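>>> model this:
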Amino acid sequence: MPKRSNSRLNGMLSSNSVSRIFVGLLLFAACAGMALAARFVEEGGRWPATWPDEMEPLRERATTYEFSSGTQEQSYVIPFTDREEFERLWPTLLSVAEPGAPISLVSGPMKYWDSETTVKAGVRIYQGQTSVEISTTKDGRQQIFKLEKPWPKHFFGDDGTLTPYALFDFDSQQWVPRTPEGKAGIGYRIRTEIMLIVDDDVVELSRIKLPENATIHDNRDAVSDEFDRPQVSSDEDE
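Have a look, this model is predicted:
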């Protein structure tokens, strides 16, 4: 049975798309001063072409979100109105998630706080990058540090689950998992995981199979718009 808890790029957006909406938010932090957080919202699902062909018909109805601030991540919201279609495609949607990644549950309908988009039932897929690199200059020399699959062993927990975010440690000049106890810095999402928007009609948990031994973060009793913000990851909140 799945474990339960009560806590939670490669495909880049097209810069010349007329449907892209730029949303700038000023975030104030006591210890960091003022920082600019940028969110890009674009109609259509911009996930990689390497994802299953069965997902191609879903692109037109999907919405792509890209967030750039304390975290760098991209996600795709896919609404469903037909239960049979959702249940048929659920194994395909699940197949793009990282093995062992937790699944988050929220209640529908979900109203996104910075747009007119409302989703009664469906999924939100947080896409992990397959590689990321950063350039630094030290003693007048430029160095490029690249992180890519296969991920280093220290990016996996004792249970074999991949960390959700990677962070570059400028002191040690290496990539490390981002953790609540670790150093502050930009986290780059490397783990693909799924949020289910549950309405108990189109998306009904008793009718679908969840991965064996998966951790389920059940947030259905929380205010839904809390989850339209970049997430440090539910397993870091515990």
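>>> what about the helices in this protein?
Per DSSP state H, the chain carries helices over the ranges 83-95.
>>> any stretches of it with poor pLDDT?
1-37, 112-116, 223-238 (pLDDT under 70).
>>> ok, now which ones touch the residue most central in space within it?
Centroid-nearest residue in the chain, with CA atoms, centre = their mean: Tyr126, separated by 2.4 Å. When contacts are counted by CB atoms under 8 Å, 6 or more residues apart in numbering, Tyr126 touches 73-75, 189, 191-195, 231. Every residue, glycine included, has its C-beta placed from N, CA and C.
>>> I'd like these laid out as CSV, including neighbour count and distance to His217.
Putting these into CSV (neighbours: other CB atoms under 10 Å; distance: CB to CB, whole Å) gives the following:
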residue, neighbour count, distance to His217
Glu73, 23, 17
Gln74, 23, 20
Ser75, 23, 16
Arg189, 26, 16
Arg191, 24, 14
Thr192, 21, 15
Glu193, 27, 10
Ile194, 22, 11
Met195, 24, 9
Gln231, 23, 10
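>>> so which of those are in strands?
Counting by DSSP state E, the contacts of Tyr126 place 73-75, 189, 193-195 in strands.
>>> if we can go back for a sec, out of the contacts of Tyr126, who's nearest Gln173?
Closest approach between the contacts of Tyr126 and Gln173, by CB to CB: Arg189, at 21.6 Å.
>>> how much space between Glu181 and Leu105?
Taking CB to CB, to the nearest Å as the measure, Glu181 falls 26 Å from Leu105.
>>> returning to that earlier point: between the contacts of Tyr126, which is nearest His154?
Looking across these and measuring by CB to CB, the closest to His154 is Arg191, at 14.5 Å.
>>> OK, contacts around that closest one?
So Arg191 contacts 98, 101, 126, 128, 162-165, 233 (CB under 8 Å, 6+ apart).
>>> which of those fall in strands?
Residues of those located in strands (DSSP E): 126, 165.
>>> ranking the contacts of Arg191 by neighbours, who comes first?
Greatest neighbour count in the contacts of Arg191, by other CB atoms under 10 Å, goes to Pro164: 28 neighbours.
>>> right, and that one touches Glu193 too?
Yes - using CB atoms under 8 Å, Pro164 and Glu193 qualify as a contacting pair, with a distance of 7.1 Å.
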